[in-house]
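*Asks:* Sequence first, then the predicted structure, then my questions.
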Amino acid sequence: MKILFFIVNIAAGNGKAKTIWNEVKHELGKQNIEYRSFLTNSPGHAEQLVKGIVKRHPWKVAGIVVVGGDGTMHEVINGLAGFSKINVGFISAGSGNDFARGFSVPQAPLEALKHIIDDKESSYSLFDLGQYTISNPLKKLRYFVNNLGVGFDAEVASKANKSHLKKRLNKIGFGSLIYVIILIQTLFTYKRSDVTITIDGNIHRFKNVWFMTVSNQAYYGGGMKISPRALPNDGILDVTIVHNVSRIKLLAVFMSVFFGLHTKFKGVNMKSGKCIDISSRDSLLVHADGEIVGMSPVNVKIQNKAVSFYTTHSVGKSHGEIIRSE
């Protein structure tokens with residue numbers, strides 16, 4: 001008999017995940033749902049847990065459900081690499097939860113759980129992943145589910161992840177504000193660089209680049225609509241490049257990004273493709289799904305229909321049919 005496996009990061013959301021997991025456990029017990037759960041205890045542990053599950057119990061897995069944030073989902077996806085037939089669920093318990101926004105997953109924990117345990121064919125569908133290869137510090141092939149960023153946004157993610165203020169804001173339900181606070185602080189110290197980006201063989205060079213973000217879905221940074229046209233089931237990655245804008249103008253860009261209006265600014269370029277190479281004059285920080293993964297250069301490729309997620313199917317059209325305006 002197949003059962004659900006839960007990967008629970010009780011540290012996510014500064015302890016919010018523990019409360020949410022207790023609610024989920026109570027509901028599972030009330031409905032007599034058979035399951036197994038594993039609690040993570042360190043960075044990278046979720047990935048190792050998933051690798052162990054699919055190696056030892058592949059015939060038992062009805063689905064793997066993440067209770068945590070975007071970083072936990074990032075680890076689970078990398079642990080599942082090559083197992084696209086295993087359905088993956090998400091119960092939001094982090095501070096950003098951009099995965100839930102971009103993949104149309106209910107934000108309310110018990111509503112998300114209901115969608116998973118109903119387990120109808122219409123509850124899940126195949127979606128794309130981004131595959132990235134980074135050589136600094138070590139050459140390795142990995143995957144991201146939301147987005148990958150080079151430069152300023154990676155600096156912001158790095159500082160936010162280390163911030164003690166993030167824990168305090170999480171306690172009062174405003175964890176995503178940490179990205180805005182760190183962004184403003186970093187704005188006045190960050191040094192821009194020249195970047196070359198090759199998209200499907202076409203070379204583009206940009207001066208004084210603040211950041212480049214490669215998106216599989218629209219959201220990052222706790223609700224910023226960085227790539228309004230990005231869909232996670234269209235076989236294409238969307239690229240946002242911000243360059244040659246002043247510090248004050250960059251602040252205006254970020255003030256408008258929550259509504260997707262930043263694309264109207266001069267100095268904000270939007271492109272798309274399937275194979276993307278990013279190199280820079282200076283070595284720049286790289287993040288994937290908000291987790292720091294190394295330094296530029298980086299190669300990114302789309303992996304079409306690489307993973308099956310439980311969603312409500314309001315992303316594009318259901319079952320992989322795409323609505324995409326040009």
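*Replies:* Structure's in. What do you need?
*Asks:* partners of the longest strand along the chain in the sheet?
*Replies:* Longest strand of the chain, by residue count under DSSP state E: strand 291-310. With DSSP bridges as the criterion, the sheet partners recorded for strand 291-310 are strand 87-92 (parallel), strand 124-136 (antiparallel), strand 275-280 (antiparallel), strand 285-288 (antiparallel).
*Asks:* Mean neighbour count, mean pLDDT and distance to Val150 for those strands - can I get that in a markdown table?
*Replies:* For glycine as for every other residue, the C-beta is placed from the backbone atoms N, C-alpha and C. Converted to a markdown table, those look like this (neighbours: other CB atoms under 10 Å; pLDDT from 0 to 100; distance: least, CB to CB, whole Å):
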| stretch | mean neighbour count | mean pLDDT | distance to Val150 |
| --- | --- | --- | --- |
| strand 87-92 | 26 | 94 | 26 |
| strand 124-136 | 20 | 89 | 10 |
| strand 275-280 | 20 | 97 | 5 |
| strand 285-288 | 25 | 95 | 5 |
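*Asks:* on that earlier part again, next, the buried residues of the longest strand of the chain.
*Replies:* Along strand 291-310, the positions that meet the burial threshold by neighbour count (16 or more other CB atoms under 10 Å) are 291, 293-303, 306-310.
*Asks:* List the contacts of Leu80.
*Replies:* Contact criterion CB atoms under 8 Å, 6 or more residues apart in numbering gives Val50, Val54, Ile64, Ile86, Val88, Val307 as the residues in contact with Leu80.
*Asks:* Just the element for the first one, please.
*Replies:* Val50 is located in helix 45-56, with elements delineated by DSSP states H and E.
*Asks:* Among the contacts of Leu80, which one sits closest to Val195?
*Replies:* Proximity of those to Val195 (CB to CB) peaks at Val307, which lies at 29.1 Å.
*Asks:* For the residue positioned nearest the centre of the chain, give its distance to Phe99.
*Replies:* In the chain, the residue lying closest to the centroid (CA atoms, centre = their mean) is Asn146, at 3.1 Å. Plainly put, Asn146 is 6 Å away from Phe99 if you go by CB to CB, to the nearest Å.
*Asks:* joint contacts of those two?
*Replies:* Residues touching both Asn146 and Phe99 (CB under 8 Å, 6+ apart) are Asp70, Gln217, Asp289.
*Asks:* Can you pull the phi/psi pair for Met255?
*Replies:* With angles defined as degrees, to the nearest 10, Met255 shows backbone torsions of phi -70, psi -30.
*Asks:* my guess is Arg154 meets Gly290, correct?
*Replies:* Quick fix: residue 154 is Ala, not Arg. No: in this structure, Ala154 sits apart from Gly290 without contact. The criterion is CB atoms under 8 Å, and the distance is 9.2 Å.
*Asks:* what's the top helix by length along the chain packed up against?
*Replies:* Longest helix in the chain by number of residues, with DSSP state H as the criterion: helix 16-30. With contacts defined as 3 or more CB pairs under 8 Å, 6 or more residues apart in numbering; DSSP states H and E, the secondary structure elements packing on helix 16-30 are strand 3-8, strand 35-39, strand 61-68, strand 87-92, helix 109-118.
*Asks:* And that helix, what's buried?
*Replies:* Under the neighbour-count criterion of 16+ other CB under 10 Å, helix 16-30 has Lys16, Ala17, Lys18, Ile20, Trp21, Val24, Lys25, Leu28 buried.
*Asks:* Just name the closest of the residues you listed to Gly201, please.
*Replies:* Ala17 (43.2 Å).
*Asks:* Name all residues that make contact with the closest one.
*Replies:* When contacts are counted by CB under 8 Å, 6+ apart, Ala17 touches Val8, Asn9, Ile10, Ala11, Val67, Gly68, Gly69, Ala93, Gly94.
*Asks:* One more pass at 6 Å, please.
*Replies:* Asn9, Ile10, Val67, Gly68, Ala93 (CB atoms under 6 Å, 6 or more residues apart in numbering).
*Asks:* what's the following helix or strand after the helix or strand bottoming out on mean pLDDT in the chain?
*Replies:* When each helix and strand of the chain is scored by mean pLDDT, DSSP states H and E, helix 164-171 comes last, with a mean of 62. Per DSSP H and E, helix 164-171 leads on to helix 177-187 as the next helix or strand towards the C-terminus.
*Asks:* Rounded mean pLDDT for that following helix, please.
*Replies:* Model confidence over helix 177-187, given as mean pLDDT, is 80.
*Asks:* what lines up beside the next helix or strand after that helix in the sheet?
*Replies:* Going down the chain from helix 177-187, the next helix or strand is strand 193-199, by DSSP H and E. Paired strands of strand 193-199, with direction, are strand 202-215 (antiparallel), strand 275-280 (antiparallel) (DSSP bridges).
*Asks:* Only the C-alpha atoms, please, for the longest one, written as CSV.
*Replies:* This file holds the C-alpha atoms of strand 202-215, laid out as CSV (Å, rounded to 0.1, in the frame of the first residue of the first chain):
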residue,chain,number,x,y,z
ASN,A,202,22.5,34.8,-28.9
ILE,A,203,25.0,37.0,-27.0
HIS,A,204,23.9,40.0,-25.0
ARG,A,205,26.3,42.3,-23.1
PHE,A,206,25.1,44.6,-20.3
LYS,A,207,27.0,47.4,-18.4
ASN,A,208,26.6,48.3,-14.8
VAL,A,209,24.3,45.4,-14.0
TRP,A,210,22.6,45.2,-10.6
PHE,A,211,21.2,41.7,-11.1
MET,A,212,19.9,39.1,-13.4
THR,A,213,17.1,36.7,-12.4
VAL,A,214,16.2,33.5,-14.3
SER,A,215,12.6,32.6,-13.5
